[in-house]
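Enquirer: Let's see this in three dimensions:
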Amino acid sequence: MTPEDHAKPVTNPVATPVTTPLSAPVSVLGLGLMGTALAAAFLKAGHPTTVWNRTPSKTGPLTAQGATPAGTPAEAITAGPLTVVCLTTYDDVSELLRPHTTALTGRTLVNVTNGTPVQARKLASWAEEHGIAYVDGGIMAVPQMIATPAAYVLYSGDEQAYATHRAALAALGGTRWTGTDPGLAPLYDLSLLTGMYGMIAGVTQAYALIRSEGIAAREFAPLLSDWLTAMTSSLVPGTAEAVDTARHLTDVSSLAVNQAAFPGLLHTFADQGVRTELFEPMRTLLDRAIAEGHAADGLSRLVELLKA
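Expert: The predicted structure follows:
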């Protein structure tokens, strides 16, 4: 995916931006691995950057790069129109910011802390009550990827605030607007992470199985990588089409075929001394799909069965 692709909106277009200058000041609260990477990216892009952290010594490396250390959160917030906060939890964000509503009023807060849609909406409501423009963000990168073409950040919430500061936020990587509901960025974020964790589960189980016979994981890795690439290239868009059109009938691999074959996997795991708990839930779901009359459908039907 190119940087240009990362800049495209996910759902709806963004209002015509009234952007701040490319050298607009930015403040960063929270200097863990990710927060430090964000601040360094703003500095590299030429933004005067003010930084604050609960442990003041963490500002040292960034100060050496040209950042201005702030003694208090309020001092950092009032240094410019845009504050980016990156902490461990939303509770941490609330605890940090609630005493500084006066400083934040009339400014833009971009929160890239990992959280849930419900948490994002709650924090956005608090911000709106206090005249704070709130944008929620989901970072789809590890710290080492920030400011590279591979990184992008999902945003949702106050559309005008996002449009105004999009040029500055682009210093972090590609920008993807998901909508005015502040819960959408974390929803997209967690949905993407769900796909990642599912893949990790499969890769983990595959390596455990292949190594049960003493075969080196690095020897098996090219085959596994090629196989997963081939499968996902058709599975991801194909499943999306089936789910959105409610057309689950298939002539490729029915649920009945998968249900019949799946116990063989579990028996093999057991025979090879590999634990089965990562894959047991899939057998349960396949059994339910058949019991509810979906034998001829494809695996896309399982999406519907996961609705609570």
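
Enquirer: so where do the strands sit in the stretch 1-150 of the chain?
Expert: Here the stretch 1-150 of the chain has its strands, by DSSP state E, counting those that start in this stretch, at 26-29, 49-52, 68-69, 82-85, 108-111, 133-140.

Enquirer: Highest mean neighbour count out of those?
Expert: strand 26-29 (a mean of 30; mean count of other C-beta atoms under 10 Å). Placement of C-beta: from N, CA and C, glycine included.

Enquirer: quick revisit: including mean pLDDT and distance to Glu292, could the strands of the stretch 1-150 of the chain go into a markdown table?
Expert: Shown next, in a markdown table, are those (pLDDT from 0 to 100; distance: least, C-beta to C-beta, whole Å):
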| stretch | mean pLDDT | distance to Glu292 |
| --- | --- | --- |
| strand 26-29 | 98 | 49 |
| strand 49-52 | 98 | 54 |
| strand 68-69 | 98 | 60 |
| strand 82-85 | 98 | 45 |
| strand 108-111 | 98 | 41 |
| strand 133-140 | 98 | 34 |
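
Enquirer: closest one to Gln160 among the ones you listed?
Expert: strand 133-140 (7.4 Å; C-beta to C-beta).

Enquirer: Mind giving me the packing neighbours of the closest one?
Expert: For strand 133-140, the packing partners by 3 or more C-beta pairs under 8 Å, 6 or more residues apart in numbering; DSSP states H and E come out as strand 108-111, helix 117-129, strand 152-157, helix 159-169, helix 184-210.

Enquirer: what do you get if the cut-off is 10 Å, keeping everything else the same?
Expert: helix 33-44, strand 82-85, strand 108-111, helix 117-129, strand 152-157, helix 159-169, strand 174-179, helix 184-210 (3 or more C-beta pairs under 10 Å, 6 or more residues apart in numbering; DSSP states H and E).

Enquirer: Could you list the low-pLDDT ranges of the stretch 101-250 of the chain?
Expert: The model of the stretch 101-250 of the chain has no residue with pLDDT under 70.

Enquirer: So for the residue nearest to the spatial centre of the chain, what's the nearest residue that isn't a sequence neighbour?
Expert: Nearest to the geometric centre of the chain sits Asp189, at 2.9 Å (C-alpha atoms, centre = their mean). Excluding the flanking residues, the one nearest Asp189 by C-beta to C-beta, 6 or more residues apart in numbering is Gly138, at 2.9 Å.

Enquirer: Equivalent analysis for Gly157, please.
Expert: Pro182 (3.9 Å).

Enquirer: related to what we said a few turns ago, tabulate the helices and strands packed on strand 133-140 (a markdown table), appending distance to Val303.
Expert: Shown next, in a markdown table, are the helices and strands packed on strand 133-140 (distance: least, C-beta to C-beta, whole Å):
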| stretch | distance to Val303 |
| --- | --- |
| helix 33-44 | 31 |
| strand 82-85 | 34 |
| strand 108-111 | 30 |
| helix 117-129 | 19 |
| strand 152-157 | 21 |
| helix 159-169 | 30 |
| strand 174-179 | 20 |
| helix 184-210 | 12 |
